[in-house]
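J.: build the 3D model from these lines:
(chains A and B)
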Amino acid sequence: MNPGLHFADGELPADYLKYTYRKVLWILGGIVALFLLLILSISVGAVTIPPYEVFLTLIGQNVTDKWDRIIWNIRLPQALTAIVCGAGLAVAGVAMQSILRNPLASPFTLGISNAGAFGAAVAIIFLGTGRMTSTTAGAVMINNPYLTTIVAFIFCMLATIAIITIAKVKASSPEVVILAGVALSSLFTAGVMFLQYFSDDAQLAAVVHWTFGDVGRAGWSEFYLMAGIVVLACIYFIANRWNYNAMDAGDETAKGLGVNVEQLRNVGMIVAALVTAVLVSFLGVIGFVGLVCPHMVRRIIGDEQRYLIPGSIVMGGILLLASDTVARLIVAPYVLPVAILTAFMGAPVFIYLLLRGYNR
Amino acid sequence: MILGVDELKFMYRNKGILDEIAFSINEGEIVAILGPNGVGKTTLLKCLNRILVPKQGVVTVGGDTITSLDLMEIARRIGYVPQRVETGRLTGFDAVLLGRRPHIGWDVTEKDLRIVEAAFRSFGIDRLRLHYIDEMSGGELQMIAIARAFVQEPKILLLDEPTSALDLKNQIEILQRINAIVAEHNIAVVMTVHDLNTALRYADRFILLKDQYVHTCGDKSVVTAEVIEAVYGVPVMIGELAGVTCVIPQCLCNGNGRKTKIPTDEEGTTYVRNS
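T.: Sure thing, here's the model as predicted:
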């Protein structure tokens, strides 16, 4: 480009490479931890399966038929759903924090999750896309998952547009955007309650179930759909990591670097809302994972998006899988929906971030 | 000519900001855009690399009109350092490496790393490489921002008030650095400046804006007391101090808010004596 520059004779920066290498090690370590946690999570429960036999079953060896059935039909889909859901919420959270330049942003705190839940409730009650087949956990059937997701997505998008508009029009401080999110949450919660009031028993049960986000209700077909969307979203955000870095340096700097900031913001919010919608419409509202995971990763490996995005994805998987495992055991033989646990865990972190003055 | 501007007009909503702006800039030149607050200096700078799209007029970079280039190509030719940059928990090296964005495909290459490494040494800020930018001072951050624009390998650097937030030592350090870079790499710099003395000392050419139009344009000789008074509305004196051109306002307000006329010598030509 510019032959006048003779910069290419610089040396390779050994100390910087070592510094980035450490971050890569953290992420690889996270992936290993996630795999070990997956085996542990599958091995514990009402019937304990030795971890080694879990491993053998997972790599395709038949230890016993009973193990096969438990692992392949019940525990593996639940554990994988927890990983995918955690990863999806975390990547949506980290993207929203960057897009809105707001450390308190996440699908849940912005009211987008609740909007999706309202959309799902609308679909269940008015469009008849779901019903409660029995009173045990995980019995909510979505007989038309695509329609439910589409309606949930529409409401997620409405909430997203509202948030983007508020953030833009008021050039808002972080507090204003979050308070708007609280208002949206309340609005949609009220909407869900209104629908519940006029629904019949089976529908009511199905809708109430939504308020307890639970990864146990997904089977393989739901898992594939969620995993597909989450993987595509992760690829999208990782592919745009440099653009997110640029945006973090300020809009004007980003534009000077050739990044189309407006388009990046809008597409990023749509992708994040889509992920939220799909997860909410299948699993219900699971709060705080999207908020907490990015901040845990920021603490460990910093704000550099090249490492922050993959780190958050891995951390989201670890956190939600760990939470779900604990939720299954904590009041055994009852199984707690994981959303209750994440709320217990996430609310103190949220308050801590508020008190600390949310420096990024 | 590396950068040409002709008949440029910019409106914000229905309010005219810039009109009939025309000038051209050559390689290796430092051009200062001067004028009072709100006259559109920053707006003009942003029109040059299409951060803002002018209502009409043509901007050409290296022979191509800017509207015919995509954003990444513009970024490969023009670097931009805004007045304000955001910080975060990343190192100086990461922050400067970001300047390679227009050249990066999927990931950074060894070449990118070498260029950034060399830039740190060339700017004399080697010690900042692994410091977190949210712990840096204003001067250090500005150095990082300029280094970032520089590793873009642009032909033109646009600097918006590069020294306004800096103390004397940092101002001089950054401007000396920019001077050295321009001389070494033969790139053009366009910067907005508030401080006339800084501008006169470091810039080769001057564009003075007033009421949407270019009031005066040219080398140091066109920046006279009359022109400055016409543009800024303040009577000034221009003289030389140890061979350096200095501008000072004629009326100063003292601590009580009373206006004090600065005493001049009889001839009234040289207001500031060489000491």
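J.: where does the chain have low pLDDT?
T.: By default, I'm working from chain A. Within chain A, the ranges that satisfy pLDDT under 70 run A:1-9, A:129-145, A:170-174, A:209-211, A:354, A:357-360.
J.: not quite, go with chain B.
T.: B:251-275.
J.: nearest spatial neighbour of whichever residue of the stretch 101-250 of chain A sits closest to chain B, skipping sequence neighbours?
T.: For the stretch 101-250 of chain A, the residue closest to chain B is residue A:250, as judged by Cβ to the nearest Cβ, at 4.3 Å. Yep, even glycine has a C-beta here, placed from its N, CA and C like the rest. Spatial nearest neighbour of residue A:250, excluding adjacent residues (Cβ to Cβ, 6 or more residues apart in numbering or on different chains): residue B:86 at 4.3 Å.
J.: surely the one you found is in contact with residue A:249?
T.: Yes. Counting by Cβ atoms under 8 Å, residue A:249 is a contact partner of residue B:86 at 5.6 Å.
J.: more neighbours, those two?
T.: residue A:249 (27 against 18; other Cβ atoms under 10 Å in any protein chain shown).
J.: now do the contacts for that one.
T.: Applying Cβ atoms under 8 Å, 6 or more residues apart in numbering or on different chains to residue A:249 gives the contacts B:85, B:86, B:88, B:95, B:98, B:148.
J.: check those residues and tell me the two furthest apart.
T.: Farthest-apart pair in the contacts of residue A:249 is B:88 and B:148; separation 13.4 Å (Cβ to Cβ).
J.: in the chain, which helix is the longest?
T.: As the question left the chain open, I've gone with chain A. The single longest helix within chain A, with elements called by DSSP state H, is helix A:14-43.
J.: sorry, I should have been clearer: chain B.
T.: Looking across chain B with DSSP H, the single longest helix is helix B:168-185.
J.: neighbouring strands of the next helix-or-strand element following that one in the sheet, and parallel or not?
T.: Moving toward the C-terminus from helix B:168-185, the first helix or strand encountered (DSSP states H and E) is strand B:188-192. Sheet pairing for strand B:188-192, assigned by DSSP bridges, gives strand B:30-34 (parallel), strand B:156-160 (parallel).
J.: residues touching the last one, excluding its own?
T.: It refers to strand B:156-160. So strand B:156-160 is in contact with A:256, B:2-3, B:25, B:41-42, B:45, B:48-49, B:61, B:77-83, B:146, B:149-150, B:178, B:187-192, going by Cβ under 8 Å, 6+ apart.
J.: at 6 Å what do you get?
T.: Contacts to strand B:156-160, defined as Cβ atoms under 6 Å, 6 or more residues apart in numbering or on different chains, come from residues B:3, B:42, B:45, B:48, B:78-83, B:149, B:188-192.
J.: most neighbours, which of the residues you listed?
T.: Counting by other Cβ under 10 Å, top hit in the contacts of strand B:156-160: residue B:78 with 30 neighbours.
J.: wait, doesn't that residue sit right on residue B:50?
T.: No. Contact criterion Cβ atoms under 6 Å: residue B:78 and residue B:50 do not qualify, at 8.8 Å.
J.: checking residue 108 next. Helix, strand or coil?
T.: Let's take chain A. Assigned with DSSP: H, G, I helix; E, B strand; the rest coil, residue A:108 falls in the coil class.
J.: switch to chain B, that's the one I care about
T.: coil.
J.: what of the one 4 residues further on?
T.: In terms of secondary structure, residue B:112 is helix; the call rests on three-state DSSP.
J.: what is the burial count for it?
T.: When neighbours are defined as other Cβ under 10 Å, residue B:112 has 18 of them.
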